[in-house]
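pasting the sequence and the predicted model now:
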Amino acid sequence: MFTGIVQAIGRIEGLMSQSQVLSHPASPYSDAQGLRVHLLWGDLDPSDIAEGDSIAVNGACMTAIAPTDQGCFFDISRESLNRTVGLDKPGPVHLEKALRASDRLGGHIVSGHVDGTARVTGLRSRDESHELLLEVPSSLAMFVTEKGSVSVHGVSLTVNAVSDLNGQTEISINLIPHTWKKTIFSQLAVGDRLNLEVDPLARQVARVLESLINSGRWPTAAGHTLASASAPGSDIPVEGPRA
């Protein structure tokens with residue numbers, strides 16, 4: 001678990017296929033499978049990072065392999081590669097260590113399980129800050145709300161506004177000077193894609209409500225369920241979810 005407070009900017013230094021990792025001609029793995037990535041810590045303090053520890057890399061939870069004072073390796077599956085950007089080529093990355101139980105939740109609860117990617121549709125100066133506009137995939141649009149939290153490339157950010165128009169959802173995010181200075185967002189351009197994780201609590205609530213509604217167990221005003229209210233001969237008034 002993480003909180004979306006970037007601790008350092010590291011760097012992906014190199015990559016190799018899993019078949020190269022095994023170094024065996026009969027390996028069943030190919031370049032279509034996952035990768036092993038060489039990560040450099042940058043300014044991140046690695047003194048308390050051990051083999052098997054979790055590190056958020058651009059918001060994606062990865063397992064540290066053979067950590068040293070300089071960096072580590074991590075394996076990334078094809079599933080993760082399909083859902084993320086910025087982890088399949090050399091370049092700068094946001095880093096955050098996993099939370100301890102005693103740590104402060106400076107951002108919000110971030111699982112490190114990237115839901116998809118958002119496209120940068122705008123980036124402009126707003127007095128001392130910068131406004132970042134992102135197009136959110138339709139499958140994730142229902143989970144973003146005004147003043148709600150999202151993790152963008154591993155950074156906990158507050159949604160200032162949500163715009164739904166012509167089947168597209170765009171969110172506006174304010175980047176304060178500190179965030180601008182401590183992240184790689186200053187290197188963005190319109191059209192770039194960023195890793196997006198919606199609030200996991202919103203996902204869980206939506207899933208529970210969907211299950212209740214689909215199974216007919218959504219409670220009515222009289223305290224009954226949709227299933228009992230729709231039974232033959234029932235005169236119980238049926239109400240759906242209220243906004």
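All right, it came through fine. Predicted model, so just to flag it, every value in this text is computed and none were measured.

drop to CA atoms for contacts and neighbour counts, all remaining ones
Fine.

per-residue confidence for the nearest residue to residue 78 once chain neighbours are set aside?
Nearest residue to residue 78 in three dimensions, chain neighbours excluded: residue 34, at 4.7 Å (Cα to Cα, 6 or more residues apart in numbering). With respect to pLDDT, residue 34 has a value of 88.

right, and residue 34 touches residue 87 too?
No. Contact between residue 34 and residue 87 fails when scored by Cα atoms under 8 Å: they sit 11.2 Å apart.

what sits in contact with each of these two?
Taking Cα atoms under 8 Å, 6 or more residues apart in numbering as the criterion, residue 34 and residue 87 both touch residue 81.

contact partners for residue 160?
146-147, 171-174.

can we see that at 10 Å?
131, 145-149, 171-174 (Cα atoms under 10 Å, 6 or more residues apart in numbering).

same question, residue 13
Residue 13 is in contact with 37-40, 71, 73, 89-92, counting by Cα under 10 Å, 6+ apart.

tell me the spacing between residue 64 and residue 83.
When Cα to Cα, to the nearest Å is the yardstick, residue 64 and residue 83 sit 20 Å from each other.

neighbour-wise, which of the two wins?
Just comparing residue 64 and residue 83: by other Cα atoms under 10 Å the higher neighbour count belongs to residue 64, 21 against 15.

how long is stretch 100-108 end to end?
Distance across stretch 100-108, first residue to last, is 14 Å (Cα to Cα).

residue ranges for the strands of this protein, please.
Assignment of strands within the chain using DSSP state E yields the ranges 8-17, 35-40, 54-57, 60-63, 71-76, 91-97, 116-126, 129-136, 149-152, 155-165, 168-175, 193-198.

closest to residue 204 out of the ones you listed?
Ranking the strands of the chain by their distance to residue 204 (criterion: Cα to Cα) puts strand 193-198 first, at 10.8 Å.

what packs against the closest one?
Under the contact criterion of 3 or more Cα pairs under 10 Å, 6 or more residues apart in numbering; DSSP states H and E, the helices and strands touching strand 193-198 comprise strand 60-63, strand 116-126, strand 129-136, strand 149-152, strand 155-165.

partners of the residue nearest the centre of the chain in the sheet?
Nearest to the geometric centre of the chain sits residue 197, at 2.4 Å (Cα atoms, centre = their mean). Judged by DSSP bridges, the bridge partners of residue 197 are residue 151.

wait, doesn't it sit right on residue 137?
No. Under the criterion of Cα atoms under 10 Å, residue 197 makes no contact with residue 137, lying 11.3 Å away.

overlap of the contact sets of these two?
Both residue 197 and residue 137 are contacted by 115-118, under the criterion Cα under 10 Å, 6+ apart.

for the residues you listed, give me TSV that also has pLDDT, distance to residue 96 and neighbour count.
Putting the shared contacts of residue 197 and residue 137 into TSV (pLDDT from 0 to 100; distance: Cα to Cα, whole Å; neighbours: other Cα atoms under 10 Å) gives the following:
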residue	pLDDT	distance to residue 96	neighbour count
115	95	18	19
116	96	19	20
117	98	19	23
118	98	20	25
